[in-house]
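sequence plus the predicted model coming up.
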Amino acid sequence: MTYLTTAPRPAITLTIAGSEATGGAGAQADLKTFQELNTYGIVALTCIVSFDPKNNWNHRFVPVDTQVIADQLEAIQGCYNGSLDTVKLGMMGSPTTIDTVAGALKKQPWKNVVLDPVLICKGQEPGHALDTDQALKSNLLPLATFVTPNHFEAEQLSGLSINSENDLIAAAKKIHEDSGVVVLAKGGVRIAGEDAVDVFYDGHTLEVLREKKIGDVAVSGAGCSLAAAVTAELAKGASPLEAARTAKTFVTAGIRNRVAGATPFDALWQGGRR
C-alpha cells in the first residue's frame, strides 16, 4: 500500500474581521499577512466595508447578520477543534456582533487572542460607534492576551492624551495595568520625530520599537497587518516581544513598498519584504 507523504501542517491562524473591498485593510490584509508569514489563514467576516468613490472615498458599512457570523465560527471551530488556538480580532462594527464573537470564543480555550481594537468606523453613527466601543472594552478586551491600539485607540483605552513618546509609554503601561494584557501601542506618524515608534509593554519588559518614518501620511492596512503579523508569529511559537519585533519589521517593509490607487491614501503591500 502506498501512503502519501505530506509536509508538517502549518500553524493555523483565524481572523474575525471585516472585509475591505479594495484589499488594503481588514480581512484581506490579514489573510495576505498570514500567508506571507507561513501560517494557514482562516477568516470569519463580521461586516463589509466599501469606500464610496462618488463621496470622497468615505466608508459604506454593512454588518453581516449575527447568525451568519455564528455559523462561520461554528464551522471553523468544528473543523479545527484541538488545533486552533490563535485568533486575531479586527473590525466588529456593532455590540451584537461583539456579543456573538465573544460567545463563540468562550466555547474553547485559546493560547493567543490578539485584539486590534478598531473603535470607530466612519460609516457608523456616533452614538452607535460609542456603544460598540463600550461593548468592545467590556466583552472582548477581557478575553484578549495581546492588544495593538493605534494612537487614537490608545488614548481611548488609557484615558490619557498622547502627544509624545513618553505619553505613548505611559498609555501602554496604563492599558496593561487596567487589562493585564500585553500591549503594543502604535505611535506611527502621529508622534513627532524622525522615527515611527511603537511601544511594547507586558508588565515586565518595556521596549520602544523604532523605524525611520516613510512619509508623513498613514498607510491603509498598516494596523491590520501589524496585528496579523503578531498573530502569525505567536501561532508559530514566538514570544510576544519577538512577535512584536517581527511585525514592526514586516509592516515597515510593506509601507516602503506600498501600493497606490485612486484613493487619497496608499495601501501597505504585505509582500514588501520580497
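Right, received. Where do you want to start? Residues are numbered from 1 along each chain as shown.

surely Asp116 touches Leu136?
No: applying CB atoms under 8 Å as the test, Asp116 and Leu136 come out as separate, 10.5 Å apart. C-beta here means a position set from N, CA and C on the backbone, and glycine is covered the same way.

more neighbours: these two, which one.
Here Asp116 and Leu136 are set side by side on neighbour count (other CB atoms under 10 Å), and the busier one is Asp116, at 28 against 25.

distance-wise, check that one relative to Leu226.
With the distance defined as CB to CB, to the nearest Å, Asp116 ends up 8 Å from Leu226.

joint contacts of these two?
Between them, Asp116 and Leu226 share the neighbouring residues Thr148, with contact defined by CB atoms under 8 Å, 6 or more residues apart in numbering.

distance of the nearest residue to Gly223 once chain neighbours are set aside relative to Ala244?
Counting by CB to CB, 6 or more residues apart in numbering, Gly223 lies nearest to Asn150, which is 5.4 Å off, once chain neighbours are set aside. Going from Asn150 to Ala244 by CB to CB gives 15 Å.

so which of these two has more stuff around it?
In terms of neighbours (other CB under 10 Å), Ala244 is the more surrounded of Asn150 and Ala244; the figures are 27 against 22.

and the helices in the stretch 101-250 of the chain?
Listed in chain order, the helices of the stretch 101-250 of the chain (DSSP state H, counting those that start in this stretch) span residues 126-135, 151-158, 165-179, 222-235, 240-256.

and the shortest one, how far out from the chain's middle?
If I follow you right, that is helix 151-158. Average the C-alpha atoms of helix 151-158, do the same for its chain, and the two points are 15 Å apart (CA atoms, centre = their mean, to the nearest Å).

mind listing what's buried along that helix?
151, 153-158 (16 or more other CB atoms under 10 Å).

Asp85 touches Leu105, doesn't it?
No: with the criterion set as CB under 8 Å, Asp85 and Leu105 do not qualify as a contacting pair; they are 11.4 Å apart.

quick one, what contacts the residue nearest to Gly223?
The neighbourhood of Asn150, defined by CB under 8 Å, 6+ apart, consists of 186, 188, 223.

quick one: the strands in the stretch 1-150 of the chain?
Secondary structure of the stretch 1-150 of the chain by DSSP state E, counting those that start in this stretch: the strands cover 12-20, 40-52, 58-63, 86-89, 112-115, 146-147.

Leu168: which of the buried residues of helix 151-158 is nearest?
When those are compared for distance to Leu168 (CB to CB), Ala154 comes out closest, at 6.8 Å.

how close does the closest one get to Glu20?
Per CB to CB, Ala154 is found 22 Å from Glu20.

the bottom helix or strand of the protein by mean pLDDT?
Of all the helices and strands that make up the chain, the one with the lowest confidence by mean pLDDT, DSSP states H and E is helix 126-135; it has a mean of 73.

show me what contacts Leu115?
Here Leu115 is in contact with 88-89, 140-141, 143-144, 146-148, 181, 227 (criterion: CB under 8 Å, 6+ apart).

neighbours of the closest residue to it other than its chain neighbours, how many?
The shortest distance from Leu115 to any residue that is not its chain neighbour, by CB to CB, 6+ apart, is 3.9 Å, and that residue is Ala144. Ala144 has 24 neighbouring residues, counting by other CB under 10 Å.

you'd agree Ala144 is up against Val181?
Yes: look at Ala144 against Val181 with CB under 8 Å: they come within range, at 5.0 Å.

ok, Arg9 - contacts?
Contacts of Arg9 were listed using CB under 8 Å, 6+ apart, and they are 40, 83.

could you do Asp198 as well?
184-188, 208-209, 226, 244, 248.

okay, and the beta partners of it?
Under the criterion DSSP bridges, Asp198 forms beta bridges with Lys186, Leu209.
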